[in-house]
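S.K.: What would the 3D arrangement of this be:
(one chain, ligands or ions: 1)
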Amino acid sequence: MSAPQPVSAPGKALLIGEYAVLEGATAVVTAVDVRAIAHTSDAVSTSPVTRAARSHIAGYLAARGHASPGSAPLIDTSAFTIGPRKIGLGSSAAVAAAVVGFHLQEAGFDLHDPEIRADALALARSAHAEAQGGGSGADVAAAVLGGTLCYTDGRASAIDSPTWLHTAFIDAGAPAVTSHFVALVRAAAAAAPAAYNDAIARLRAASQRFIAALAEPSGAAFAALAAAVTLHNDGLRALQALSGAPLLTPTIDLILHEAHALGIAAKPSGAGGGDLVVAFAPAGADLDRLADRLRRRHGVEALNGLSIAAAGLRAESRPPRCSRLAGLFRLDIAGRRAAVAEATALPLADFNALDPGAFALEQAEHMIENVIGTLALPLAVATNFRINGLDLLIPMCVEEASVVAAASNAAKMVRAGGGFIASADPPWMIAQIQLCRRAEGRPIDDAVRAILAEEPALRRLADSAHPRLVARGGGARELEVRPLAADMLAVHVVVDCRDAMGANLLNTIAELLAPRLAALTGWTAGLRILSNLADRRRAHVRCRIPPEALASDGWRGAEVVDGIVSASRFAELDPYRAATHNKGIMNGVDAVILATGNDWRAMEAGAHAYAAESGRYRPLATWSRGEGGWLEGVIALPAAVGLVGGATHVHPAARLALQILGPRSAVELGQAAAAVGLASNLAALRALATEGIQRGHMSLHARTLAVGAGASGDEIDLLVHRLIASHEIKHERALALLQEIRAEASL
Ligand code: MEV
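M.R.: Got it, this is the predicted structure:
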């Protein structure tokens, strides 16, 4: 019997109407594109929500003469987590919806039929309320119906989110226990009804004004929307004072404050008390500015890649991708291609792009000058990676043995702690224009002032060079003037390059602005080129690993944690060690960059300049012992990478590599490269802090030699074994031992 079809449901975020919705006011809720996926019916345990959903669907099916639902599905909710923590995007409502949808689909109902959808909503709502003890039901409505909804007393109607409004979510750090806050607020309502009603009246009015502003066709309504958000926050503050529930934590207050300073409206999304803040702005660039400021000033992260108004309940063509391809290394190349094709849903025929000769000489001829051939390198896939709750297979191109195996092995350990948590700066790069003083030019302070006074016009001029970039949401964001000496200035134009690496865009902008800057200052324009110290475009990745996942032959997990922490400290104290530490990181990073057709020299230049940015060369990744003795690692590095332009599209293998990885944006590609760098570093430090690097290297090196000596099939493992036992891992020895093995076999 074929496996039942997977069904998924999205998460949700409340845009307005919290608390007031419990008193019959209208809330606006949007479906967020992180999904709970119900698939294969071999779950070993089920949650209360799943059990409640199954019991409701059983009644529904029986009443219509259908057989009882099959066994319970497995539910994947990993997209709702940041490491070990669930973010407040309504995972339990999505689970209720997905389970109901799964069994309806299994029984042959059409999930897109409006009547079936209405039934699914009623079933999921009752199940969710039963398992969770109440709630407005707005989250379940979003999970079943999708889109953006006005929600009043159990009734939902779809609305369009206006094109002039941009939305982002910020992680306020702490999980909120909604039911606890609601209980405190209810107790306050009973104790001080007049004050409570006053607070609810403000929240209700805020919701009405917000909805009225959303209906306006023009961005002029943003001011009214922002005023509604302010009124909402006032109402929340009143509820907080009444109930004692910490609805606006210090971190939320800080986010609201920074947002306000940038003309952005922001409020807690959901019950408050930590978790999520939603920010609204008339332009996406404003939200990037807020994210940049929050990270640099306060270490607070925006959640990138969350899109709103997502599709509701839907059948999926496949179960969620799994990067745990156990035993991939044992297969032959055709077997591995088939396994990767199956895991990624890419057509197997596309893997012909990796065959010898697929990158034609004629293509190479058009890429660089004086071509006489091409140089092939191995392309592999690293397994076990989970980044922000999603499983990814990572293409890596590298000539060094053990890099891919080590990264895959480390990713498995990180997986035991919930996977990698990644975020990124906006894709902002720097174009530099050098200005040199001439005798008749303005004095330096005057020159700086003259440039800054023209910033808006200069940004407009920069944007005029790339209307298509502006149409895609990119463009010039900031202008900085850096005096380098009494007679030299560097002008930086910070440009959002979206999914391009940006070198050409930036160089054009620098060349366009140079004459204007020279005219403004009377100075001479010198160099006009991007900076590879892409420190406005960093990828940030962290992970936590339970000590037991790090234990190895003869080494307890806690000892390994200590060893890795000490190795990290060594790199922090000593640039000689930091250089090797970072080399190990770049083993992983460069392999991804090369595989995806990106500029690995740019990546290298950026990484090492960033490592030395403090004036001392430092490690890009560091490790510490955290709560419960867990190992905690963190990496940040400039990620000047693109999904468009350059070799990413010309080279057939690079194109396929990008499809295997499947990043939705250049930002996600940078995050993946940084995660692989962190994994490579973990693998190296774990080996170095325990048995040393050579043992693992040697067995992989022996395998390379065995294949190089001509061994095939079963001969390979046998020859590897004998080479290691001989303690002489050399080509000549491999040849001799292979002859020995063949002689024995012919006896
Ligand atoms: C070898 O390619 C990389 C290492 O030297 C990295 C390190 O020492 O951390 C093993």
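
S.K.: since we're on the closest residue to the ligand within the stretch 201-350 of the chain, how many residues are nearby?
M.R.: Residue nearest to the ligand within the stretch 201-350 of the chain: residue 329 (19.3 Å; C-beta to the nearest ligand atom). Just so you know, the C-beta spots here come from the backbone N, C-alpha and C atoms, and that holds for glycine as well. Residues within reach of residue 329, counting by other C-beta atoms under 10 Å, total 13.

S.K.: again, but for the one 3 residues further on
M.R.: Each residue near residue 332 was counted by other C-beta under 10 Å, and the total is 10.

S.K.: so what secondary structure elements neighbour the lengthiest strand in the chain?
M.R.: Longest strand in the chain, counting residues (DSSP state E): strand 27-39. Applying 3 or more C-beta pairs under 8 Å, 6 or more residues apart in numbering; DSSP states H and E, one finds that strand 27-39 contacts strand 7-16, strand 74-76, helix 91-106, helix 138-145, strand 148-152, helix 193-214.

S.K.: now those in CSV, with mean pLDDT, distance to the ligand and mean neighbour count?
M.R.: As requested, those are exported to CSV (pLDDT from 0 to 100; distance: least, C-beta to the nearest ligand atom, whole Å; neighbours: other C-beta atoms under 10 Å):
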stretch, mean pLDDT, distance to the ligand, mean neighbour count
strand 7-16, 97, 39, 28
strand 74-76, 92, 34, 22
helix 91-106, 96, 38, 30
helix 138-145, 97, 45, 31
strand 148-152, 97, 48, 21
helix 193-214, 97, 53, 19
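
S.K.: Quick check: residues of the chain near the ligand?
M.R.: The interface of the chain toward the ligand, taken as C-beta under 6 Å from any ligand atom, is made up of 400, 580-581, 583-584, 587, 684, 688, 693.

S.K.: In PyMOL, how would I select just the buried ones from the residues you listed?
M.R.: A single PyMOL command is used to select the members of the residues of the chain next to the ligand judged buried by 16 or more other C-beta atoms under 10 Å:
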select buried, resi 581+584+587+684+688+693
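
S.K.: Can you tell me the closest non-neighbouring residue to the residue of the chain found nearest the ligand?
M.R.: When scored by C-beta to the nearest ligand atom, the chain has residue 584 as its residue closest to the ligand, at 2.6 Å. Once flanking residues are discounted, residue 584 sits nearest to residue 684: 4.0 Å by C-beta to C-beta, 6 or more residues apart in numbering.

S.K.: Confirm that neighbour sits in a strand?
M.R.: No - Residue 684 sits outside any strand when classified using DSSP: H, G, I helix; E, B strand; the rest coil, being helix.

S.K.: What distance do you get for it to residue 588?
M.R.: Computed with C-beta to C-beta, to the nearest Å, the distance linking residue 684 and residue 588 is 10 Å.

S.K.: Could you point out the helix or strand that follows the helix or strand hosting the residue of the chain closest to the ligand?
M.R.: Under the criterion of DSSP states H and E, residue 584 resides in helix 575-595. With elements assigned by DSSP H and E, the helix or strand that comes after helix 575-595 is helix 600-611.

S.K.: Give me the mean pLDDT for that following helix.
M.R.: Averaging pLDDT along helix 600-611 gives 98.

S.K.: helices or strands up against it?
M.R.: Checking 3+ C-beta pairs under 8 Å, 6+ apart, helix 600-611 ends up next to helix 575-595, strand 631-638.

S.K.: May I see the buried residues of stretch 391-411?
M.R.: Of the residues in stretch 391-411, 391-398, 401-411 count as buried by neighbour count, 16+ other C-beta under 10 Å.

S.K.: before we move on, the earlier item: can you dump the C-alpha atoms of the helix holding residue 584 in PDB for me?
M.R.: Only the C-alpha atoms of helix 575-595 are listed here, as PDB (Å, rounded to 0.1, in the frame of the first residue of the first chain):
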ATOM      1  CA  PRO A 575      47.200  34.600  16.000                       C
ATOM      2  CA  TYR A 576      49.500  31.800  14.900                       C
ATOM      3  CA  ARG A 577      46.900  29.300  16.100                       C
ATOM      4  CA  ALA A 578      43.900  31.500  15.000                       C
ATOM      5  CA  ALA A 579      45.200  31.300  11.400                       C
ATOM      6  CA  THR A 580      45.100  27.500  11.400                       C
ATOM      7  CA  HIS A 581      41.800  27.500  13.300                       C
ATOM      8  CA  ASN A 582      40.300  29.800  10.600                       C
ATOM      9  CA  LYS A 583      41.900  27.700   7.800                       C
ATOM     10  CA  GLY A 584      39.900  24.800   9.100                       C
ATOM     11  CA  ILE A 585      36.700  26.900   9.000                       C
ATOM     12  CA  MET A 586      37.500  28.000   5.400                       C
ATOM     13  CA  ASN A 587      37.900  24.300   4.400                       C
ATOM     14  CA  GLY A 588      34.100  24.100   4.800                       C
ATOM     15  CA  VAL A 589      33.100  27.600   3.700                       C
ATOM     16  CA  ASP A 590      35.200  27.700   0.500                       C
ATOM     17  CA  ALA A 591      34.000  24.200  -0.500                       C
ATOM     18  CA  VAL A 592      30.400  25.600  -0.500                       C
ATOM     19  CA  ILE A 593      31.400  28.800  -2.200                       C
ATOM     20  CA  LEU A 594      33.300  27.000  -5.000                       C
ATOM     21  CA  ALA A 595      30.500  24.400  -5.500                       C
END
